[in-house]
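1. no sequence on this one, just coordinates:
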RNA sequence: GCACCCGUAGCUCAGCUGGUAGAGCAGAUGACUCUUAAUCAUCGGGUCGAAGGUUCAAGUCCUUCCGGGUGCACCA
């Protein structure tokens, strides 16, 4: 009568058996449920428990020394990635976190269990005991004596040859991506190693890792729009931090001399290939240092991490160009870089002339742009993208970074650096401002600037009085630095998109209808 | 936020100037005791992202919406 029964009837008429039923993903699920029941009634639990003394596949491969007569018994566990049935023998590929190994099963060795084994699907997780041998075609293989079901998969894996390429699904269902795409797994594992090595290096240098609030009453330390939230128990609005800076400086006041924090910042901004609003930032402060202290530190840090991760100072990008991290890194002043593009007399000519030159070089300028913004356009559009090998850009215009400490010899410049690698800013470093009166003045000016621009409220027009209070107790002069860990991971893994180095990048939730 | 591109079976993709959806893998059944993208035979699987519109007829053309990608902007 209804559609389904008609359809099933037709199937029956066509081939005279009841075996074939309509096949959708849901039907496959039902089929698997049935398999689970059948296994259970045969005394096999498809969702196994603890499975001890498992060898990593990489170690199993290492154990075979080329002597075919030697008997090597091993136990492995992992996911079935391929399954090739040949009558009374079966080959399957098992994958664990260290690699892949082919297993071989035949009816003579397994007996009744062979039929149970033959019901395994690609995607199931199994354990297997057996001994190693080399097949006719020369592949190291485990001949299975016994196996154990550890987990039955109810969904089919993406296709074995092309894998999973749909970018959206790779990010939304990262677990599938990780099962199927070895390179995704490698990149994300490398990222974890980057984080580990960064910590190790800093600890070895005597820096103390600290954790400061991620939910803050005022979101300071950077110019960015914060995420706002509400703290029920305290009955007040709070912000997700945009930077840990103001708390880390409080620690300098408190007497911690070398500290770092490696954790998430949140900025309420758009997403792009290079930006994720929730990103991992390393901030480091060192009392009695300045931005040059930080330059030496970051050069040592990144080269050491690169060496541990890649074993090389060269990184090949997807387009074939090579980034060379070999120290010492280039140091260039902002002005010299701008002059190299805009002409040696760039800063001597008048504003009109600078505009004319910039436009001649193909820049489209906002007619309202201030003079220093015109210059900065030249820097950002024409110079920054060309800084592929590591370059410390120093002595930036004070207009650009109003909160930093001025250079001793010229108050028009600030004593900072921006580390550029691969045309991207990887780390800014500062000689930190420790004059509380000057700091208050700049905060006030910044507030005015923000209310004037009217883009958004900066923490509702409030100044972090507690931070100023801390400064008034006296903060040692210090060098400070921030390193974008996601971007560093991109650099060291050659990833083109920041999302490739983030396990679960943000996605717009799918509406349920 | 703006511009451009994409969305077809569980996955990877075809589908021409509009004519009513197809392949491989995965799945089912059978054969096969050294395969490895196993092979061979047979079979099933679709709200063509969603909703409207044009048309005798829409996967295909138009509009809106949803989701994604890239670029720009915001932003270090």
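-> Structure received. If you're wondering where the values come from, they're calculated on a predicted model, not measured in any experiment.
2. thought residue A:97 was touching residue A:59?
-> No. Using C-beta atoms under 8 Å as the test, residue A:97 is too far from residue A:59 to be in contact (11.6 Å). Backbone N, C-alpha and C define where each C-beta goes, glycine included.
3. shared neighbours of those two, anything?
-> Common contact partners of residue A:97 and residue A:59 (C-beta atoms under 8 Å, 6 or more residues apart in numbering): none.
4. Contacts only, for residue A:279.
-> A:264, A:265, A:267, A:484, A:485, A:486, A:498.
5. Now list the buried members of those residues.
-> Buried members of these, scored by 16 or more other C-beta atoms under 10 Å, are A:265, A:267, A:484, A:485, A:486, A:498.
6. Check which residues of stretch A:316-328 are buried.
-> Those would be A:323, A:325, for stretch A:316-328 by 16+ other C-beta under 10 Å.
7. Could I get the average pLDDT for that stretch?
-> Stretch A:316-328 shows an average pLDDT of 89 in the prediction.
8. Next: stretch A:64-71.
-> 88.
9. what distance separates it from the centre of its chain?
-> Distance of stretch A:64-71 from its chain centroid, counting by C-alpha atoms, centre = their mean, to the nearest Å, is 41 Å.
10. List phi and psi for the residue of the stretch 351-500 of chain A found nearest RNA strand B.
-> Among all residues of the stretch 351-500 of chain A, residue A:497 sits closest to RNA strand B, at 4.1 Å; criterion: C-beta to the nearest atom of the strand. Backbone torsions of residue A:497, given as degrees, to the nearest 10, read phi -130, psi 140.
11. Which helix or strand contains the residue nearest to it when sequence neighbours are not counted?
-> The shortest distance from residue A:497 to any non-neighbouring residue, by C-beta to C-beta, 6 or more residues apart in numbering, is to residue A:273 (4.9 Å). If you go by DSSP states H and E, residue A:273 is not part of any helix or strand.
12. measure the residue of the stretch 351-500 of chain A closest to RNA strand B to residue A:271 for me?
-> 10 Å (C-beta to C-beta, to the nearest Å).
13. need the longest helix for chain A.
-> Taking DSSP state H as the criterion, chain A has its longest helix at helix A:182-204.
14. That helix: which residues count as buried?
-> Buried, per 16+ other C-beta under 10 Å, within helix A:182-204: A:184, A:187, A:188, A:190, A:191, A:193, A:194, A:195, A:197, A:198, A:201, A:202.
15. circling back: give me the pLDDT for the residue of the stretch 351-500 of chain A closest to RNA strand B.
-> For residue A:497, the predicted pLDDT is 93.
16. And the one 4 residues further on, by the same measure?
-> We have a pLDDT of 96 for residue A:501.
17. repeat for the one 4 residues further on
-> On the pLDDT scale, residue A:505 is placed at 93.
18. looking at it, it is touching residue A:499, isn't it?
-> Yes. At 4.0 Å, residue A:505 and residue A:499 qualify as touching, with contact defined as C-beta under 8 Å.
19. what about residue A:159, how many residues close to it?
-> 10 (other C-beta atoms under 10 Å).
20. Now do the nearest residue to residue A:164 once chain neighbours are set aside against RNA strand B, distance only.
-> In space, and not counting its chain neighbours, residue A:164 is closest to residue A:158: 4.1 Å by C-beta to C-beta, 6+ apart. Separation of residue A:158 from RNA strand B (C-beta to the nearest atom of the strand, to the nearest Å): 3 Å.
21. now do residue A:214
-> Applying C-beta to the nearest atom of the strand to residue A:214 and RNA strand B gives a distance of 17 Å.
22. correct me, but that residue touches residue A:264?
-> Yes. Between residue A:214 and residue A:264 a contact is recorded at 6.7 Å, counting by C-beta under 8 Å.
23. Assign a three-state SS to the residue nearest to residue A:164, would you?
-> With DSSP: H, G, I helix; E, B strand; the rest coil as the basis, residue A:158 sits in coil.
24. That one is in contact with residue A:170, isn't it?
-> No. Using C-beta under 8 Å, residue A:158 is not in contact with residue A:170; the gap is 9.8 Å.
25. Are there residues contacting both of residue A:505 and residue A:499? Which ones?
-> A:171, A:276.
26. Give me the pLDDT value at the residue in the stretch 401-513 of chain A positioned nearest to RNA strand B.
-> Residue nearest to RNA strand B within the stretch 401-513 of chain A (C-beta to the nearest atom of the strand): residue A:508, separated by 3.1 Å. Here the pLDDT value assigned to residue A:508 is 87.
27. Against which helices or strands is the longest helix of chain A packed?
-> Applying 3 or more C-beta pairs under 8 Å, 6 or more residues apart in numbering; DSSP states H and E, we find helix A:182-204 packed against helix A:174-180, strand A:208-209, strand A:258-266, strand A:278-287, helix A:291-310, helix A:485-493.
28. what's the overlap in contacts for residue A:158 and residue A:170?
-> Counting by C-beta under 8 Å, 6+ apart, the residues touching both residue A:158 and residue A:170 are A:164, A:176.
29. what residues does the stretch 351-500 of chain A put near RNA strand B?
-> A:380, A:418, A:425, A:428, A:455, A:482, A:484, A:496, A:497, A:499 (C-beta under 7 Å from any atom of the strand).
30. Just the buried ones from the residues you listed, in PyMOL syntax?
-> Per 16+ other C-beta under 10 Å, the buried members of these correspond to this PyMOL selection:
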select buried, chain A and resi 418+425+428+482+484+499
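31. quick one: least confident of the residues of the stretch 351-500 of chain A next to RNA strand B?
-> residue A:455 (40).
32. Mind checking what secondary structure residue A:404 has?
-> Residue A:404 - assigned by three-state DSSP - is coil.
33. Identify the residue spatially nearest to it, adjacent ones excluded.
-> residue A:414 (3.9 Å).
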